[in-house]
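Q: just coords:
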């Protein structure tokens, strides 16, 4: 064992002297043998000849000796690598194309994987996150992730046996004062067990205790890590200090760990990540289903032995019981259990999966390209390989040599690819819409480098295998005899390269079809009329704290004053406000009872979105009136119990009936209060896309502000110049009225519109980039194959020309060869794309995944580009000089 | 008399046996095998050196450089202690094998 190691090491490190000794030893042997024959009476020449014949290949013996010496594994590898590097250097054109091709493929894959890793794979920052589930309410025909009513949450908590605990929360904006400029912050009101359920401990302080869910003990606060660093400079003495939110003093009892937040898009009322948390004790009034709506987010931890499936079954049973007990409030309502991971990645999952598939295709096309290049080169090196075989290299050794070269190519390409990926990931994040990707969480780490290394190695093996295999199986004698032309290996390579071209064409077509569909869908989407004029509109949010602005009168007066001050600013054309303006996410919705229609139970009422608006809302937004009039001054000053509806409401609930003068109970207040004051419909407005251009308008009811005096309103300013130029003047006016009042969520309507499209634009852009890369790589691929074919057939073309073939005959000949491959590839691609179309369906708007126009266009595009790539070498065929080629032979 | 190529695996045994008499260089080993077997056994010279190296790696023989009868530098191989033991083991196994084969052939 030890001896063995010593011999191996000696052979490895003193390779030169070992080789020399072997040479000496073998030469001695041969000399002895020659002497023996000479003594036997042969001439020296004859003796030498016989000795050589008997001994067999000298090099072959050395090869076998090396194999037996056991170091050959490592030694062969280093030699192969050295040899491979030399081969790559000696052919810089080939190497550059191959390496860049691979770098693109591997880089794109790694960049997308890094995003997928952070969004879909990396563990969430909660302890045992696989045991965490969201529990929603759901009702047929509604959002399956509907927020939860407090009494339902309480009943679920009491009746279930699958959860070790349930936490409930909601988010809101609050005004932070006493720390420099007043500031609006996003606050989550959570049941005191929230951090315990998630299994998250504060890095500073004790956090909430069970005591904090008792009245009088809830005036405490936990800060997010980011907020603590940014606004309190990471001050460790923050614990125990007091922070004033909406006029309430709260004691800081903890700082959450870095990277911890809790943001569930489907249920967020603020659309923003929380910056702090405070305990929330569910008010006694909320135990009664008459006094409360559905607004909570619920997260629960499964008991160690419980599964998601068990939780689903049990929660369905409980929800069914509750529906029987409270038919008015809970009839038709069930419970929906969703694992937290699925919830968080839900929106991104389909897009990311498609993009990952797309980059996988790009890598395959790149591999096919390099493999094809290697095959062409292997043909050129066939004589070299045949000679090596003849002097004693085993087939396996030659295959191994070629494979080493492939992996070498892959490793160099992969390294450049990783650099590209780092750059690409940053570009990806920079281009990605806000709130779509979590900027912090995407980073290069060992997992991603591991992925890159794995895909590199795999790529090297994939594209290296076939060329090595064919070379290793070529017949030595045949190759040497035929001068490397027309050999069986040559035919094998030709077939393989043609197959690669077909494969590339096929994959490129799938990518082109996918991106073509997304582009067409995006154009459709952008072309959708939002229902209002989004240009030159500034929006910002003002949230009045309840303590300071306790009464409806105070709030109404504040907003009236603010609007009138803003309207006097230069550059302002008109000013209004809305409780939930378009493209800012979910708004309030409720049941509506039309008095003209037969009475129904509460649960069966038609549902409508409710928007509370200020003066001149429709003219300022540019929303057309469909019937009668908008609210008048009197209705905007005092509650006159009037409402407007949108066209969708009229179409869906009042089809064939004149809506004007109809009376409707809008259940936005307590049931009694709502029923006492039904609203009269005085006008119909045009539809507005609320949730994004791709989502049709919901039936909507508009109320003037006095009907329901919200404390949180978005101010809408139509300007004659750049809307953002007005921000500081507007803030000035606001703070002249109340220096402690912040201005939040400042954005132009065009920005909001752009943000709502950002997700689609992002996916479309990436897929288009991948498709373009695929198109280029596939064109390079077919160009290479056709050009190689033309070079090989130079003689044939020379003879044809000598025999009188015209240019167009030769063009037709060459293009025909390429055209057959293109046609086959495109045909297979169309079939594959049609089969894969269903995966794209969820991302498409207003277009079928089998849209014939798109398919026709991309097939033509690909065929055209590919034939153009064939045309270049075809031209070369026509310029062959017959005299030259014939003399050449 | 026709020569027989060595059956697989017997070359090692023959090399060990040859070296049991005295240290030898490679050429002499092949010559000796041929002579002793009355020219019946022929060592494929191509396989001799890999075999020698294999045995050296296993520690059954060791090599040193010496001077040949005609005053040339030659690599001499000699049996080590473990090599001597191994020779006994292999010889034993060979005897059993040939006896068994002979028995089968005799009775058949």
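A: That came through fine. It should be emphasised that the depicted structure is a prediction, and the values quoted were computed from it without experimental measurement.

Q: Could you list the single helix or strand in the chain with the lowest mean pLDDT?
A: Here I'm looking at chain A. Every helix and strand in chain A was compared by mean pLDDT, DSSP states H and E; the lowest is helix A:476-482, with a mean of 55.

Q: what's the following helix or strand after that one?
A: helix A:488-526 (DSSP states H and E).

Q: contacts for the helix or strand following that following helix?
A: Following helix A:488-526 in sequence order, the next helix or strand is strand A:537-543 (DSSP H and E). Outside strand A:537-543, the residues that touch it by CB atoms under 8 Å, 6 or more residues apart in numbering or on different chains are A:173-175, A:184, A:559, A:562, A:581, A:584, A:621, A:711-719, A:723-724, A:726-727, A:730, A:734, A:741, A:743-750, A:752. C-betas here are computed from N, CA, C, even on glycine.

Q: Buried residues, stretch A:284-293. List them.
A: A:286, A:289, A:292, A:293 (16 or more other CB atoms under 10 Å in any protein chain shown).

Q: State the mean pLDDT of it.
A: The average pLDDT for stretch A:284-293 rounds to 84.

Q: quick one: the most centrally placed residue in chain B from residue B:40, how far?
A: Centroid-nearest residue in chain B, with CA atoms, centre = their mean: residue B:15, separated by 1.6 Å. Residue B:15 is 17 Å from residue B:40, where distance means CB to CB, to the nearest Å.

Q: ditto for residue A:163
A: 87 Å.

Q: So these two - more neighbours on which side?
A: residue A:163 (23 against 12; other CB atoms under 10 Å in any protein chain shown).

Q: pLDDT at that one, what is it?
A: Note for residue A:163: predicted pLDDT of 95.

Q: backbone phi and psi for it, please?
A: The phi/psi pair for residue A:163 (degrees, to the nearest 10) reads phi -100, psi 140.

Q: thinking residue A:244 is in contact with residue A:221, fair?
A: No. Using CB atoms under 8 Å, residue A:244 makes no contact with residue A:221, being 10.3 Å away.

Q: Tell me which of those two has more neighbours.
A: Set residue A:244 next to residue A:221 and count neighbours by other CB under 10 Å: residue A:221 wins out with 23 against 18.

Q: does the more buried one belong to a helix or a strand, and which?
A: strand A:220-223.

Q: Tell me the buried residues in that strand?
A: By 16+ other CB under 10 Å, the buried positions in strand A:220-223 come out as A:220, A:221, A:222, A:223.

Q: Run through the residues of chain B sitting next to chain A.
A: Residues of chain B lying close to chain A by CB under 8 Å from any CB of the partner chain are B:25-28, B:31, B:44-47, B:49-51, B:53-54, B:56-59, B:68, B:70, B:72-75.

Q: Repeat the analysis, applying 10 Å as the threshold.
A: B:25-31, B:42, B:44-60, B:62-63, B:65, B:68-70, B:72-75, B:80, B:82 (CB under 10 Å from any CB of the partner chain).

Q: Nearest residue to the residue most central in space within chain A in space, please, no chain neighbours.
A: Geometric centre of chain A, nearest residue: residue A:352, 3.6 Å, by CA atoms, centre = their mean. Excluding the flanking residues, the one nearest residue A:352 by CB to CB, 6 or more residues apart in numbering or on different chains is residue A:116, at 5.1 Å.

Q: If you tally nearby residues, what's the number for that neighbour?
A: By other CB under 10 Å, 22 other residues sit near residue A:116.

Q: contacting residues around residue A:327?
A: Residue A:327 makes contacts with A:601, A:602, A:603, as judged by CB atoms under 10 Å, 6 or more residues apart in numbering or on different chains.

Q: Could you turn the buried ones of these into a ChimeraX selection?
A: With 16+ other CB under 10 Å as the criterion, this ChimeraX line picks the buried residues out of the contacts of residue A:327:
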select /A:603
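
Q: Now, the residues of chain B next to chain A that are in strands?
A: Judged by DSSP state E, these include B:25, B:42, B:62, B:63, B:65, B:73, B:74, B:75 as members of strands.

Q: distance of residue A:178 from residue A:550?
A: Here residue A:178 is placed at a distance of 20 Å from residue A:550 (CB to CB).

Q: Need the single longest helix in the chain, by residues.
A: Answering for chain A, as no chain was given. Using DSSP state H, we find that the single longest helix of chain A is helix A:749-792.

Q: that's the other chain; I wanted chain B
A: Ordering each helix of chain B by length in residues (DSSP H) puts helix B:81-107 first.

Q: I'd like to know which elements that one is packed against.
A: helix B:10-21, helix B:45-58, strand B:61-67, strand B:73-79 (3 or more CB pairs under 10 Å, 6 or more residues apart in numbering or on different chains; DSSP states H and E).

Q: so how far is the first one from its chain's centroid?
A: In this view, helix B:10-21 has its centroid 3 Å away from the chain centroid, taken as CA atoms, centre = their mean, to the nearest Å.

Q: relative orientation of that helix and helix B:45-58 in degrees?
A: Between helix B:10-21 and helix B:45-58, the angle comes out at 70 degrees (axes from the mean of the first three to the mean of the last three CA atoms, to 10 degrees).

Q: Could you list every helix and strand in contact with helix B:10-21?
A: Against helix B:10-21 (3+ CB pairs under 10 Å, 6+ apart) you get helix B:26-36, strand B:41-42, helix B:45-58, strand B:61-67, strand B:73-79, helix B:81-107.

Q: tell me which element residue A:834 falls in.
A: Per DSSP H and E: helix A:807-840 holds residue A:834.

Q: same deal with residue A:373?
A: Assigned by DSSP H and E, residue A:373 falls in helix A:349-380.

Q: helix/strand/coil for residue A:865?
A: helix (DSSP: H, G, I helix; E, B strand; the rest coil).

Q: next one: the longest helix of chain A to chain centre, how far?
A: 16 Å.

Q: before we move on, what about stretch A:333-342?
A: Using CA atoms, centre = their mean, the offset of stretch A:333-342 from its chain centre is 23 Å.

Q: repeat for stretch A:159-177
A: That offset, for stretch A:159-177, works out to 29 Å (CA atoms, centre = their mean).

Q: Please apply the same query to stretch A:422-431.
A: On CA atoms, centre = their mean, the centre of stretch A:422-431 falls 12 Å from that of its chain.

Q: What of stretch A:345-364?
A: 7 Å.
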